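# Sequence first, predicted model second:
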Amino acid sequence: MIRNPLQHLVLAATLLASLTLASHPVHAAAAFEFDDPQFVTDFGNWNFGINFRADRNLQVSALGYFWDTELSSAAHNVALFSADGTRLAAATVSAGDALSGHFRYSLIDAVTLTAGNSYRVVGSSASDFYFYDAVNFSSAAGISYLGNVYSAATGTAALFDQTPDAGNDTLNGYWGPSLAVSPVPEPSTYGLLLAGLGLMGVMYQVRRRRPTR
C-alpha cells in the first residue's frame, strides 16, 4: 500500500507518461516501397536521386539502397540533401546492413525533416544492380514523391546536381536509394503530458495543506 502522497504523484506521472507515449507509437517505415521491381539491371555506373516533400515533421533514422538478395553485392554511398543542396546526412549501405523489404538500411544520427520542405535522397549504383518500372509503388505517410533524377557517375560519391529526366516517374523511374522515416511527436503530445503533471502537482499541494481531522 502506498502511503506517501509523493509516491502517488510519481506513480501517476509515470502512468500518464506511459499512456501518452503509447498513444503515439513511433515506428520507422520505408519512405518508398513497391511490390515488384519488375526490371533489375546493372548496366552502367549511375547516381540516382529521389525528390520528395515532407508533408509533416518526420525523423530520418536510416538511409537505404535497393538490394537484390541474389544479385546485389556492392557498397553504395547514400546521402540526404535539403532542397538547396545542403547535405544533411550520409551513409554507406552494404551487405552487412539490415534488409527490410527491397532495401538494406544503414543507421544514421537522426535528422528531422520539416513539414512543407522538399528534399532529395541520392545513392550511387557503384555498377551494382538497380531497378525500374516498380509495380504498386507507394510512399510512406507524410511523404510526397516529387520525381526521379539521375546522372552518369565517374566515381561512387553521392551527388546532388543531377540531370532531371522528364520521363522518370513512379512507374518507369530508375531506383536505388531510399530512407527510413518516423513521425515526430506533435507539440500537443508534450503539452498534454506537462498539463497532466502540473494538475497532479496542484492536487498534491492542496492535499498537503488540507487540515487533518
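Alright, I've got the coordinates.
# For the residue nearest to the spatial centre of the chain, list the residues it contacts.
Nearest to the mean C-alpha position of the chain, counting by CA atoms, centre = their mean, stands residue 181 at 1.5 Å. Contact partners of residue 181, counting by CB atoms under 8 Å, 6 or more residues apart in numbering, are 28-29, 31, 58-61, 113, 140, 142-143. Placement of C-beta: from N, CA and C, glycine included.
# Kindly report the same for residue 98.
104-105.
# distance of residue 111 from residue 88?
As judged by CB to CB, to the nearest Å, residue 111 and residue 88 stand 5 Å apart.
# Between those two, which contacts overlap?
Taking CB under 8 Å, 6+ apart as the contact rule, residue 111 and residue 88 both touch 60, 80.
# By mean pLDDT, which helix or strand of this protein comes out lowest?
helix 5-22 (a mean of 47; mean pLDDT, DSSP states H and E).
# so what strands line up beside the helix or strand following that helix?
For helix 5-22, the succeeding helix or strand toward the C-terminus, using DSSP states H and E, is strand 29-30. Strand 29-30 has its sheet partners listed here by DSSP bridges as strand 177-183 (antiparallel).
# Just the buried residues of the partner strand, please?
Neighbour-count burial for strand 177-183 flags 177-183 (criterion: 16 or more other CB atoms under 10 Å).
# wait, which of the residues you listed is closest to residue 129?
Nearest to residue 129 among the buried residues of strand 177-183: residue 177, at 13.4 Å, using CB to CB.
# Just grab the bridge partners of residue 105 for me.
residue 64, residue 98.
# That one and residue 29: what is the separation?
Distance of residue 105 to residue 29, given as CB to CB: 11 Å.
# Repeat that for residue 57.
Counting by CB to CB, the separation of residue 57 from residue 29 is 15 Å.
# Could you dump the buried residues of strand 177-183 into TSV with pLDDT and distance to residue 136 added?
Converted to TSV, those look like this (pLDDT from 0 to 100; distance: CB to CB, whole Å):
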residue	pLDDT	distance to residue 136
177	96	19
178	96	15
179	98	19
180	98	19
181	98	19
182	97	22
183	96	23
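# Identify the residues contacting residue 99.
67, 69.
# Going by neighbour count, which residues in stretch 72-87 are buried?
Residues of stretch 72-87 classed as buried by neighbour count (16+ other CB under 10 Å): 72, 74-82.
# Then stretch 30-41?
By 16+ other CB under 10 Å, the buried positions in stretch 30-41 come out as 30-34, 37.
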